[in-house]
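S.K.: Quick one, structure for this:
(4 chains)
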Number of protein chains: 4
Amino acid sequence: MVRVGIIGGSGYVGGELLRILLLHPKVEVTFTSSRQYKGEYVFRVHPNLRGLTNLQFTVENLNELSNKCDLVFTAVPHGAAIKIIPSLINSGIKIIDLSADFRLKNPKDYVKWYGYEHPYPDLLKKFVYGAPELHRDEIRNSNLIACPGCMAITSIIALAPLMKSNEVDKKHIVVDAKIGSSGAGIKPTIATHHAERFGVVRAYKPVGHRHTAEIEQELSRIANDEVKVSMSPHAVNMVRGILCTNHVFTTKRFNTQELWRIYRSFYQNEPFVRIVKDKKGLYKLPDPKVVIGSNYCDVGFEIDENINRLVILSAIDNLIKGAAGTAVQCMNIMLNFDEKLGLENPGLHPV
Amino acid sequence: MVRVGIIGGSGYVGGELLRILLLHPKVEVTFTSSRQYKGEYVFRVHPNLRGLTNLQFTVENLNELSNKCDLVFTAVPHGAAIKIIPSLINSGIKIIDLSADFRLKNPKDYVKWYGYEHPYPDLLKKFVYGAPELHRDEIRNSNLIACPGCMAITSIIALAPLMKSNEVDKKHIVVDAKIGSSGAGIKPTIATHHAERFGVVRAYKPVGHRHTAEIEQELSRIANDEVKVSMSPHAVNMVRGILCTNHVFTTKRFNTQELWRIYRSFYQNEPFVRIVKDKKGLYKLPDPKVVIGSNYCDVGFEIDENINRLVILSAIDNLIKGAAGTAVQCMNIMLNFDEKLGLENPGLHPV
Amino acid sequence: MVRVGIIGGSGYVGGELLRILLLHPKVEVTFTSSRQYKGEYVFRVHPNLRGLTNLQFTVENLNELSNKCDLVFTAVPHGAAIKIIPSLINSGIKIIDLSADFRLKNPKDYVKWYGYEHPYPDLLKKFVYGAPELHRDEIRNSNLIACPGCMAITSIIALAPLMKSNEVDKKHIVVDAKIGSSGAGIKPTIATHHAERFGVVRAYKPVGHRHTAEIEQELSRIANDEVKVSMSPHAVNMVRGILCTNHVFTTKRFNTQELWRIYRSFYQNEPFVRIVKDKKGLYKLPDPKVVIGSNYCDVGFEIDENINRLVILSAIDNLIKGAAGTAVQCMNIMLNFDEKLGLENPGLHPV
Amino acid sequence: MVRVGIIGGSGYVGGELLRILLLHPKVEVTFTSSRQYKGEYVFRVHPNLRGLTNLQFTVENLNELSNKCDLVFTAVPHGAAIKIIPSLINSGIKIIDLSADFRLKNPKDYVKWYGYEHPYPDLLKKFVYGAPELHRDEIRNSNLIACPGCMAITSIIALAPLMKSNEVDKKHIVVDAKIGSSGAGIKPTIATHHAERFGVVRAYKPVGHRHTAEIEQELSRIANDEVKVSMSPHAVNMVRGILCTNHVFTTKRFNTQELWRIYRSFYQNEPFVRIVKDKKGLYKLPDPKVVIGSNYCDVGFEIDENINRLVILSAIDNLIKGAAGTAVQCMNIMLNFDEKLGLENPGLHPV
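M.R.: Numbers count the residues shown, from 1 in each chain, chains lettered A, B, ... in the order given. All right, here's what the predicted structure looks like:
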């Protein structure tokens, strides 16, 4: 059993890491830390885990962590990871960071999108962007993983296969995202107050959303050209799930077979990407409702006959494929486990 | 009191017409017809009206309708209005049609978007597209009104003010719409079954949605140029409401003052358009949650600093400003009433 | 125009008071106070009122309030009303208090249910319990009204007509209530966080809920005997609305006609109580969904054939009939206005 | 691998059986039948299973079923099981029936609660009521299981431990149940139409609900006395889940330790019953939100200080512990597998 720990275990991502890892056949969760809930039973914060574990939240001495675990997940807020990761690196533990602090390669992007100078620009290059679909080999050979943002990975998986095409307009891609309330984290605010949040379609950040930076970084790398993304996320009335509607203008009319070929060749061996473009049925295209509880990213497409446009749809559970699930997938790769271990639950239907 | 009737009073739009008209101080509802519910009390189908009316659904002889009313609303399904409106016209009654059957001016558009040859191409020109914000004078002088589609009017109100600008790319406008379940009407299907519809973000018609035709028609008229719209509607987890996220690429960087000027000059005298672009607060941009129960269309905007893009947001209650409310607004104009009569309720908050 | 003011205008009840009073034809809102939002525009907190008012929140000198208004609504938290009402009384203004601070007649009940000695036991008798259905004449002749709790009034309206019957077991009445999130007020907590509150059926106070005291007080008065109520409220997944399922054991088998007679004779002249016991239709019994946005309390019943039990169902909009609407109804009575003024909106359907 | 089949695999219970059994390590699903969807891929109806199985729905010859499976689940509507089970019995296959057709022991109860004479009264005694918590040994030794109704099992698990007590009033037990829309099955009707079903608190069967019969049967057996249950179910705004609020009057004041003792001694070895009565935390009492996706039944209690009443709360996922999960639990017992096999997923949080 590999010993793993979780720093920041009391948030929603921490809770999902615990749920997945406690049932994982090849790892043992040796600790989960939380400053706020120090000493509290895990099941008081994550009530679904009642009866499954008697773990209590602790506060760990970072310098002695290598005695406790071989791999650590850091599920702390943006800005907090920067403060702890350098000393974790010194301890030699494998690190899977779920914050945004090490996702971007170009230090200037932190200035542009996050408004601060990154204190460890050299470290940025050492972290692998933890999207197995794009960086599996690097993940396998790295000890430092920066997991993607939830909306970023949803959009990247949808758009990556198109980035090699010369017939795609890479400067006017619209990513219109819809996300559930768990994406806002566990801290209550007026914006997440049920009476205010229920039933909204709230464009909470129509321009300038930080996940844009990750999407542009990863797509530009594949395209070998500067890709510009117009991203607008919306809070909608559900707890889990993301749908990205990716509107892509093209210079020619694509046909269905062509797109099937492009997507199938890109994803045919991916254990957690399903191409959902069915001929019939209520769920012939991706819908987050179907992937809740699973590590799947469903991807589908439609071709506009009125104008040269593709609509690429992608759906995930933001806390699983958008966070904890992808993190465990990376762990499985790093530790040479079967990549699907602990992640095989399908979604529930209906839910 | 002007006598008004409603053909097709048992659907959701019919119900909203009844609610508004029963409380309207200058009209009297003389009948409401429904084939399916003939003889049934209105409050059995529209339970909110219990105690307010003892009307029962009837089935009317269309040729004798002029004895019963001076103005009739036709709230029947698409394709059904075509069959009854010619004989209504002969009776000399003013007609406000809420179907799609007379919205498009160009008969070819019915072939392209609806898949049939329109049987009365000459009638199309006689109907005024019932958007008071664009056609108030024509509405005042007409007896034949074709009310806009719910998503169409939401998007048109958002985009119309920009159509005169040469710095707007009018060929790559993305309209990403989100709509509640009442938009699907009162007939139950597996797609609207609560267990299947709850919690979805369902791109039920990512390309080829028929409202595209109306939006292109109205915007092209204003632009005096062919406008192309890339529209994709999504079913989300609420009953009422539409948010249109209109992504507009531009050839220059607009600034806030400029946009305020454009929108204010277009809408400053409109009783039911509110420009919502506040400096602070949870509702600083349009959200359907705020307009539920009202006839308002809220419009706001953001300017992307990363790319030349405007995000224009517009929100309505699909059954009111998107149907019954706009229809009554048209009626008020046609009958020289105060345009706001019967429509002054603000929304509820929170709801 | 009668001048009215609202102390505590930034909560949900304050917002509904504003919505109703701003459109009321016979009163003028001269101020609305809020410590937290002093100086802020009302529409920033109550976004549905944007365009309807330019009022800003103020903080008032209580001793000079008689210069500003003839009647004041106090919509402050429990415990806060006690502190301000004595000086308001001195100013001679009519007072409609929406807190719990003056609802109970017996000072000992404050010790039992609220855990404190009431500082003004003599004042308790001067306040009239603001349920028009039970105390209309007293309300008309009083300047001091204590509005009922939202679940209390729902249950009281359902049960009052049965309290004169000797065949009803008055010691084992179960009131199982279901309420929306707006009942918890505007302050965000983990309990109202959308991700935690969405989809729950949370028995947040299965025993000892304070509204029990009001229900027992009012029913005991009618029964002229000590009535005991077993109340258990549940938070369910909606924003507005209450359903009370009142389970009443009886010593004989009642029949439908008998119950119709009891309820009709009690409520036949009540403008805001509808008896909903229909023979058919989806809404043949009360459902909060139907009364959202209205001042109605719908009441219906079923008779158990398996055991001598009546199920009395009652539904309201907790912010209207359960708070602001009843308060305005009381105001209309006190000022000799038509009792329905400003309160005639039916609910929306569907919503 | 034991071969199992599912008759009636296209409903929600069938879908959950498939989800659980496809991942079960010791069984193989050899067929799933559906008249309506004959030939259709399973994943078209149960979209969460896409990629997990290529099974197609079939229609089976009942007489040849023993060639195909060793155990069959019948997940057909009430009334349909009666027609097929006799011939299944002849084939010698083990049968786990999820309909109501064989749950009641007394043929007269079918007349009273279901309105028909049971055609096979002798068979009723051969079926074991499939509640492992009450009938584990009989299940182990039987080939014929009738799985409990979803609300019935929720209430029975809550109340069973109290039935031996002489201080409990067994004639006035109120079971106020709240259930999600999946309980109504997969067939769309106006009652389940999203626009009509969203946001309701609908007392759809306040008296005379058929699950009352099962509850009374099982509790009376334990009590060795006639128990009378006053059950009223409510449709609330969620897809999955049941909360039963069981109001129990007592002739003495129970204390907490006593109740802990009663419940712990009854359930301490049960793998899927959790006693949830915590001292703190948002989820200190049962809530269906916490058990969605799991086979747990959470049970908790509160003691009323105002009157001799216990409130016993119980929560399940209606499609799992209320149907497919309990059915698989019974299968595990019948086949001498670890009872928890295939059922160990905890719920998701938040969801």
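S.K.: How about the residues of the stretch 51-200 of chain A by chain D?
M.R.: A:51, A:52, A:182 (Cβ under 8 Å from any Cβ of the partner chain). Any C-beta I mention is one placed from the backbone N, CA and C, and that applies to glycine too.
S.K.: per-residue confidence at the second one?
M.R.: The model reports residue A:52 with a pLDDT of 95.
S.K.: picking that back up, which one of the residues of the stretch 51-200 of chain A next to chain D is nearest to chain B?
M.R.: residue A:182 (12.4 Å; Cβ to the nearest Cβ).
S.K.: my guess is the closest one meets residue A:12, correct?
M.R.: Yes. Counting by Cβ atoms under 8 Å, residue A:182 touches residue A:12, with 5.2 Å between them.
S.K.: So for these two, which sits in the more crowded spot?
M.R.: Neighbour count, other Cβ atoms under 10 Å in any protein chain shown: between residue A:182 and residue A:12, residue A:182 has more, with 32 against 26.
S.K.: got the contact list for the nearest residue to the more buried one once chain neighbours are set aside?
M.R.: Spatially, and ignoring its direct neighbours in sequence, residue A:182 is nearest to residue C:195 (4.6 Å; Cβ to Cβ, 6 or more residues apart in numbering or on different chains). If a contact means Cβ atoms under 8 Å, 6 or more residues apart in numbering or on different chains, then residue C:195 has A:12, A:180, A:181, A:182, A:184, A:186, A:192, A:239, D:350 as its contacts.
S.K.: and the closest residue to the third one other than its chain neighbours, how many neighbours?
M.R.: Beyond its immediate neighbours in the sequence, the residue positioned closest to residue A:181 (Cβ to Cβ, 6+ apart) is residue C:194, lying 3.9 Å away. By other Cβ under 10 Å, 28 other residues sit near residue C:194.
S.K.: Would you mind listing the residues in contact with residue C:194?
M.R.: For residue C:194, counting by Cβ under 8 Å, 6+ apart, the contacting residues are A:181, A:184, A:192, A:193, A:194, A:197, A:198, A:239.
S.K.: again, but for residue A:109
M.R.: A:213, A:217 are the contacts of residue A:109 under Cβ under 8 Å, 6+ apart.
S.K.: Surely it is within a strand?
M.R.: No. Secondary structure of residue A:109 (DSSP: H, G, I helix; E, B strand; the rest coil): helix, not part of a strand.
S.K.: quick one: pLDDT of it?
M.R.: Listed pLDDT for residue A:109 reads 98.
S.K.: Can you list the buried residues in stretch A:189-207?
M.R.: A:191-207 (16 or more other Cβ atoms under 10 Å in any protein chain shown).
S.K.: so how far is the first residue of that stretch from its last?
M.R.: Stretch A:189-207 has an end-to-end distance of 22 Å (criterion: Cα to Cα, to the nearest Å).
S.K.: if we can go back for a sec, how about the contacts of residue C:195, which pair is most distant?
M.R.: Using Cβ to Cβ, those reach their maximum pairwise distance at A:180 and A:186, which is 13.4 Å.
S.K.: which residue ranges form the strands in the stretch 51-200 of chain A?
M.R.: For the stretch 51-200 of chain A, the strands defined by DSSP state E, counting those that start in this stretch cover A:71-74, A:94-97, A:128-129, A:144-146, A:173-179.
S.K.: Can you name the residues in contact with the lowest-mean-pLDDT helix or strand in chain A?
M.R.: Lowest on mean pLDDT, DSSP states H and E among the helices and strands of chain A sits helix A:81-91, with a mean of 94. By Cβ under 8 Å, 6+ apart, the residues outside helix A:81-91 that reach it are A:7, A:62-63, A:65-66, A:72, A:74, A:76, A:95, A:97, A:99, A:101-102, A:118-120, A:123, A:144.
S.K.: now it: how far from the chain's centre is it?
M.R.: 21 Å (Cα atoms, centre = their mean, to the nearest Å).
S.K.: With stretch A:190-201 instead?
M.R.: 23 Å.
S.K.: what about it, average pLDDT?
M.R.: Mean per-residue pLDDT for stretch A:190-201: 98.
S.K.: okay, the residue in chain A sticking out farthest from the centre: pLDDT?
M.R.: Distance from the C-alpha centroid of chain A peaks at residue A:306, with 33.5 Å (Cα atoms, centre = their mean). As predicted, residue A:306 sits at a pLDDT of 95.
S.K.: now the one 4 residues further on
M.R.: Looking at residue A:310, its pLDDT reads 98.
S.K.: Surely it forms part of a strand?
M.R.: Yes. Counting by three-state DSSP, residue A:310 is part of a strand.
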